[in-house]
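>>> Predicted model and sequence follow; I will ask about them next.
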Amino acid sequence: MASGSLDTLVFSALRGETRPMVLMAPVFLLSLRIAIVLAMTPVLYAMPMPGRVRAIVVVALAVALAAGLQKPVGAAVDGAGQWIQAALIEVALGATLALGVLLAFAAFSMAGNLLDVQIGFGLAQVFDPVSQRPSALLVSTFNYAAVLVFFLVDGHHALLRALAYSVEAFPLGSPWSPDAAATAVLKQAGGLFSLGFALAAPVVFCILMVELALGVVSRNLPQINMLVLGIPTKIVVGLAVLSLWFAGMGGAMNRVYANIFDTWQAIFLAVPGAPAPSQTGLGDRGVAR
């Protein structure tokens, strides 16, 4: 298959030297990779928009990325069998990269679930448009805050740069070994609980102090109904401490976001012959690269 930039392929197609399927191969394969990454993460689905608009966004990103590639397709794609094989490779790679984003945002959901149980909001559930299912109150709050701050710190720009770099590390349509990604993804999954607890640790500690105080009161005044007294007390204290902790949560949130790109860098660096991530604008650490 002829290789070169997308502009070269376009002019070759206009002159009749290149088949239209060769021209569409990089855009189609890139669309699959980007669509899987965005579909499995709340980055795009947090904003209410029609499915057609999401599809247009995916195709537009694929065209923009393919236009700047010198070698848009790493292997020849000719025939239905090779098309199916290349498509499955891109879907598997997109799902693997999406796990890095999904596990990071799962830390926020875990923190919200932990606080809902501790404060007592787990009894009430509301519909969460990010996860598309009923969830507890603080889970929805943390999910909204996670997506909002992700855009505020230009995490979406870093994500696009990482997607562009992924094409250099994993050429379109070329086979890749999942062994390179298994260690990084499992390491991130193991750190999910520590990151989730770090997001809620101050509030959990204050609720624990309140429960100890309520236990002392219950021991000395057994005639008091602790269920009636304890739940409102924990709600007031929990929300008060949470409102104060939100102002200082930036460091913990940045560690969660940085975990996404740390995992992706570990996957990229495990590929033999891949260029250094610092050459693509990913930086060393952090979100606002």
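Cool, the structure landed.
>>> buried stuff in stretch 188-201?
188, 191, 192, 195, 196, 198, 199, 200 (16 or more other C-beta atoms under 10 Å). Glycine gets a C-beta too; all of them are placed from N, C-alpha and C.
>>> ok, the last one touching residue 108?
In this case it means residue 200. No - the pair residue 200 and residue 108 fails to qualify as a contact (C-beta atoms under 8 Å) at a distance of 9.6 Å.
>>> so which two of the buried residues of stretch 188-201 are the farthest from each other?
Farthest-apart pair in these is 188 and 200; separation 18.8 Å (C-beta to C-beta).
>>> can you count the residues close to the residue nearest to residue 178 when sequence neighbours are not counted?
Closest residue in space to residue 178, ignoring its immediate chain neighbours: residue 96 at 6.9 Å, by C-beta to C-beta, 6 or more residues apart in numbering. By other C-beta atoms under 10 Å, the residues close to residue 96 number 22.
>>> Tell me which helix or strand residue 96 sits in.
Here residue 96 sits within helix 80-119, counting by DSSP states H and E.
>>> same for that helix, what does it pack against?
helix 20-39, strand 133-136, helix 137-152, helix 155-169, helix 179-220, helix 226-247, helix 250-269 (3 or more C-beta pairs under 8 Å, 6 or more residues apart in numbering; DSSP states H and E).
>>> Can you classify the residue of the chain most remote from its centre as helix, strand or coil?
With C-alpha atoms, centre = their mean as the measure, the chain has its most outlying C-alpha, relative to the mean C-alpha position, at residue 223: 50.1 Å. With DSSP: H, G, I helix; E, B strand; the rest coil as the basis, residue 223 sits in coil.
>>> Can we start the residue count at 17 from this point?
Yep, numbering from 17; the last one is residue 239 now.
>>> mind checking the backbone torsions on it?
Backbone geometry at residue 239, expressed as degrees, to the nearest 10, gives phi -80, psi -10.
>>> my guess is residue 185 meets residue 281, correct?
No - contact criterion C-beta under 8 Å: residue 185 and residue 281 do not qualify, at 9.9 Å.
>>> list the contacts for residue 103?
Contact partners of residue 103, counting by C-beta atoms under 8 Å, 6 or more residues apart in numbering, are 44, 45, 48.
>>> burial measure for the first one, as a count.
By that I understand residue 44. By other C-beta under 10 Å, 21 other residues sit near residue 44.
>>> separation between it and residue 190?
As for residue 44, its distance to residue 190 is 15 Å (criterion: C-beta to C-beta, to the nearest Å).
>>> How about residue 153: what's its closest non-neighbour residue?
residue 137 is the one closest to residue 153 (C-beta to C-beta, 6+ apart), at 4.6 Å.
>>> which residues touch that neighbour?
Residue 137 makes contact with 131, 152, 153, 154, 251 under the criterion C-beta under 8 Å, 6+ apart.
>>> Contacts for stretch 213-231, please.
So stretch 213-231 is contacted by 123-124, 126-128, 130-131, 134-135, 158, 242, 245-246, 249-250, 253-254, 257-258, 261, 265, 268-269, 271-272 (C-beta under 8 Å, 6+ apart).
>>> Pull the distance from stretch 263-275 to the chain's centre.
Distance, stretch centre to chain centre, for stretch 263-275: 14 Å (C-alpha atoms, centre = their mean, to the nearest Å).
>>> what do you get for stretch 66-82?
Relative to the centre of its chain, stretch 66-82 is centred 18 Å away, using C-alpha atoms, centre = their mean.
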